[in-house]
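Trainee: return atomic coordinates for the entry below.
(chains A and B)
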Amino acid sequence: MNVILSSRLQKTTVLIVGLVVLAVVMVASILFGINRYSLTTAVEAYTQFSGSEEHLIITTSRMPRTLTAVAVGSSLAVAGVLLQALTRNPLASPSLIGVNAGAAAAIVTTIVVFGSQFPVSQMMWAGFIGAGVTALLVYGLASAGRGGMTPIKLTLSGAAVAAFASSVTSLFMLLQEKTMTEAFYWLVGSVEGRQLDHFVMIIPYLLVGWLGAMLLTGSLNLMVLGDDVATGLGQKIILVKATAILIVVLLAGGSVALAGPIAFVGIIIPHLCRFLVGLDHRWLIPYSIVFGGAFLVCADLLSRLVLMPLRLEVPVGVATAMIGVAFIIPLVRRRAYA
Amino acid sequence: MHRHVVIRTKKPALSFHVNKRALGINFILFLLLSVVIVLSIGLGSLHIPVWEVIKAFVGAGSEQNELIVLDWRLPRVVVSVMVGASLAVSGAILQSLVRNPLASPDLIGTTAGATAAAVAFITFAKDVSVQWMPLVALIGGLLTATLTYLTAWKEGVSPFRLALVGVCISAGMGALTIFFMVITQTHKASNALGWMTGTVYGMSWVNVMTLLPWTVLFLVATIFQIRYLNAQELGDDIARGIGVAIDKKRLLLIAISVALAGAAVGVAGGISFIGLMAPHIARRLVGSAYGYLLPASAVLGGMLVVLADLIGRTVFLPHDLPAGIFTAAIGAPFFVYLLYKTRNHQ
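Mentor: Got it, this is the predicted structure:
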């Protein structure tokens, strides 16, 4: 595999450059949109808050949105790296194992069963749990058949479970039409209109996920060599796999609870990072955190600006899916399938 | 063993090798379908006894019953049968081509593409009659399937590549669908949702007439390809060895499969999993000789959609729910069962 950055110094430099890029796009995301602000206004919003409209927009809309995008982008990218290492399949990603459909089904079920008296934050827990259960179910099913888990079985059982979950979602939404408007919020992947409270509520879980992923890097490097080799080198593979899956559930579930279904970040970013730093997870994970965050902020900024003359916003989940399809098909084509 | 009977005629010189059991099962399935049709026409928010249904068929029933049976419920059931049969045969063909028991028309993007096109139509075409929607959906499905096929093509189409590209393109189309739903108004989005799930609600004889030519044309076309399907089952090398132009036939068969599924989706929306379930059940019952497998799949597919629609319009009264919800709710666990089963068999 051709790796662009070979020496340690280069890798560190690019990582720092990545952090700078992340900071720049975050600032851009706070300043640009339908209303534009200057950097001084943004700083004043925090140093000398005056309660003016622009200060309010910056603190309650732009800032939470940007932070959410960073957190979700990073988490999805790291979840992608973990899943790809576990399945030894470069096409595995959180969106393919049904977390999104599972979260939506759980939320709609909650609305129908308990009524809509719950605030958004409670709904997020439902989504979190739904995503987790679905991910475990898909992973379990894919490993169950003959020959253990193969890429194609993971993809297909993901598709099947997702189809089942969506049929539950549709059933409830058609039975009670008013759930439709409420649930729609989660059916569309977007970081728009997220509040700082929600971000604060979920971020601890994401942080634990990132930290866990960082601690797991050494084991992941061995897991990639195959179960037998990893066992031979002293890895407790069942423990490592279970931990990794748990981290994926935390990261992907937290992301979908915050931002709804945002597809393909978990495929695109790990690939780009592998292209930059190779297969060493000790570099791959931090790179994915930094560039995943920067990517989603960029995508959000773009999808905010592209239809601005029409006063419309493209939900960022749609934008990433479009970029993702264009990105992934050449990848599929390049691999040889018998 | 007397499972087979050989029939030879001297003039014209024909020879048939008939599997008695498979033929018998096909016959029984056909009878069963007729019974299901009559029963399902009788059931509904207004119950009509079987005898009255039959009387209405032959024109001897009361005026009210004839209206309900002939003008309301019969077209709905006929469309269900055609949609189910088309999807099932489409799935059976794909499974033979991809040589993967888990292939289905949903997999190569037909359904997702048709949905995206239909939702775009609901969103943008404000003054155009809804009657054009099936056509728009059909075109969307065909284009998407073509796109999948072309992007999966690399010195021939490998089954795995086709499946993976199909899943990706479906995801992209799903995102487009969501986008259209976001920029449209909510009540329209609700229409779109019902349609996406797949429903035969409100079908009339006009719909029957729209779908009938396609279904008949392509089902007949499939009958002529049966021997190639059988050859294909033996693997690429053997098929080539006994004189099948593989890539040409494969393209033709995919085209037939997509046309069948596309037309069905165009009329009834994304009724899922029929293309997967029906051929499988049929294979268990009659074996994998396509001469028996295709009719059995078609009949089973039709029966499944009729039953799903029956559940949708009777169990949750007064709601009339899309049949697609129930095909997916039964289909997904069935699919999982198939994944399991491959552990012990083959």
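
Trainee: rest of the way, CA atoms for contacts and neighbours
Mentor: OK.

Trainee: name the element the residue of the stretch 201-338 of chain A found nearest chain B belongs to?
Mentor: Using C-alpha to the nearest C-alpha, the single residue of the stretch 201-338 of chain A nearest to chain B is A:Val318, 5.0 Å away. For A:Val318, the element it lies in under DSSP states H and E is helix A:316-334.

Trainee: before we move on, the earlier item: just to check, the residue of the stretch 201-338 of chain A closest to chain B is in contact with B:Thr177?
Mentor: No: contact between A:Val318 and B:Thr177 fails when scored by C-alpha atoms under 8 Å: they sit 9.1 Å apart.

Trainee: between the two, who's got more neighbours?
Mentor: A:Val318 (27 against 23; other C-alpha atoms under 10 Å in any protein chain shown).

Trainee: list the contacts for residue 80?
Mentor: I went with chain A, as the question did not name one. A:Gly80 is in contact with A:Ala92, A:Ser93, A:Pro94, A:Val265, A:Gly266, A:Ile267, A:Pro270, counting by C-alpha atoms under 8 Å, 6 or more residues apart in numbering or on different chains.

Trainee: the chain in question should be chain B.
Mentor: Contacts of B:Ser80 were listed using C-alpha under 8 Å, 6+ apart, and they are B:Val200, B:Gly302, B:Val305, B:Val306, B:Asp309.

Trainee: the second one and B:Ala221, how far apart?
Mentor: Spelled out, it's B:Gly302. B:Gly302 sits 19 Å away from B:Ala221 when distances are taken as C-alpha to C-alpha, to the nearest Å.

Trainee: higher neighbour count, those two?
Mentor: More crowded of B:Gly302 and B:Ala221, by other C-alpha under 10 Å: B:Gly302, with 27 against 13.

Trainee: which residues of the chain score low on pLDDT?
Mentor: Going with chain A. Where chain A drops to pLDDT under 70, the residues are A:1-2, A:116-118, A:145-152, A:177-183, A:185-186, A:335-338.

Trainee: actually it's chain B I care about, not the one you picked
Mentor: Across chain B, residues meeting the criterion (pLDDT under 70) sit at B:1-2, B:100-103, B:126-130, B:156-160, B:185-194, B:339-346.

Trainee: which parts of it are strands?
Mentor: Per DSSP state E, chain B has strands spanning B:4-9, B:14-19. These are given in chain order.

Trainee: and the spatially most distant residue from the centre of chain A, its phi and psi?
Mentor: Relative to the centre of chain A, the most outlying C-alpha is that of A:Ser50, 35.0 Å out, by C-alpha atoms, centre = their mean. Its backbone dihedrals place A:Ser50 at phi -110, psi 0, with angles given as degrees, to the nearest 10.

Trainee: now swap in A:Ala126 and tell me
Mentor: A:Ala126 has phi and psi values of phi -60, psi -40 when expressed as degrees, to the nearest 10.

Trainee: same for the helix holding A:Val318, what does it pack against?
Mentor: Using 3 or more C-alpha pairs under 8 Å, 6 or more residues apart in numbering or on different chains; DSSP states H and E, the elements in contact with helix A:316-334 are helix A:265-277, helix A:281-305, helix B:133-152, helix B:159-183.

Trainee: quick one: residues contacting the spatially most central residue of chain B.
Mentor: The central residue of chain B, meaning the one whose C-alpha is nearest the mean C-alpha position (C-alpha atoms, centre = their mean), is B:Leu87 at 1.3 Å. If you count contacts by C-alpha under 8 Å, 6+ apart, B:Leu87 has them with B:Pro105, B:Leu260, B:Ala261, B:Ala264, B:Ile274, B:Gly275, B:Ala298, B:Gly301.

Trainee: picking that back up, any chance of TSV for the strands of chain B, columns distance to A:Val138?
Mentor: Putting the strands of chain B into TSV (distance: least, C-alpha to C-alpha, whole Å) gives the following:
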stretch	distance to A:Val138
strand B:4-9	43
strand B:14-19	40
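
Trainee: nearest to chain A, of those strands?
Mentor: Going by C-alpha to the nearest C-alpha, the one of those nearest chain A is strand B:14-19, 31.7 Å.

Trainee: just to revisit the earlier point, possible to save the strands of chain B as TSV with mean neighbour count?
Mentor: Putting these into TSV (neighbours: other C-alpha atoms under 10 Å in any protein chain shown) gives the following:
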stretch	mean neighbour count
strand B:4-9	11
strand B:14-19	12
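
Trainee: okay, now B:Val206: neighbour count?
Mentor: Residues near B:Val206, counting by other C-alpha under 10 Å, number 11.

Trainee: no no, B:Ile242
Mentor: Considering only other C-alpha under 10 Å, B:Ile242 is surrounded by 9 other residues.

Trainee: how about it, nearest residue that isn't a chain neighbour?
Mentor: Taking C-alpha to C-alpha, 6 or more residues apart in numbering or on different chains, and ignoring the residues beside it in sequence, B:Ile242 has B:Ala231 as its nearest neighbour in space, at 7.9 Å.

Trainee: that neighbour reaches B:Ala239, doesn't it?
Mentor: Yes: the pair formed by B:Ala231 and B:Ala239 meets the contact definition of C-alpha under 8 Å, at 5.2 Å.

Trainee: okay, these two: which has more neighbours?
Mentor: Summary of the neighbour comparison: B:Ala231 and B:Ala239, criterion other C-alpha under 10 Å, with B:Ala231 having more neighbours (21 against 18).

Trainee: now do the contacts for that one.
Mentor: Shown here is B:Ala231, whose contacts under the criterion C-alpha under 8 Å, 6+ apart are B:Ile238, B:Ala239, B:Ile242, B:Val244.

Trainee: distance of the last one relative to chain A?
Mentor: Using C-alpha to the nearest C-alpha, to the nearest Å, B:Val244 is found at 20 Å from chain A.

Trainee: for burial, what's the neighbour tally of the closest residue to that residue other than its chain neighbours?
Mentor: Nearest-residue entry for B:Val244: B:Tyr228, 7.1 Å, with adjacent residues in sequence omitted and distances by C-alpha to C-alpha, 6+ apart. Around B:Tyr228 there are 19 other residues, counting by other C-alpha under 10 Å.

Trainee: looking at it, B:Tyr228 is touching B:Ile242, isn't it?
Mentor: No: no contact is recorded between B:Tyr228 and B:Ile242 when judged using C-alpha under 8 Å, the distance being 10.2 Å.

Trainee: what's around A:Asn89, how many residues?
Mentor: As a burial measure, the neighbour count of A:Asn89 was computed by other C-alpha under 10 Å and equals 15.

Trainee: let me fix that, I meant to ask about A:Thr231.
Mentor: Here the number of neighbours of A:Thr231 (other C-alpha under 10 Å) works out to 15.

Trainee: mind checking which helix or strand it is in?
Mentor: Secondary-structure assignment from DSSP H and E places A:Thr231 in helix A:227-232.

Trainee: which helices and strands sit right next to that helix?
Mentor: helix A:196-223, helix A:237-259.

Trainee: now the longest one: buried residues?
Mentor: Think helix A:196-223. For helix A:196-223, the neighbour count (16 or more other C-alpha atoms under 10 Å in any protein chain shown) marks A:196, A:198-199, A:202-203, A:205-206, A:209-210, A:213-214, A:216-217, A:219-223 as buried.
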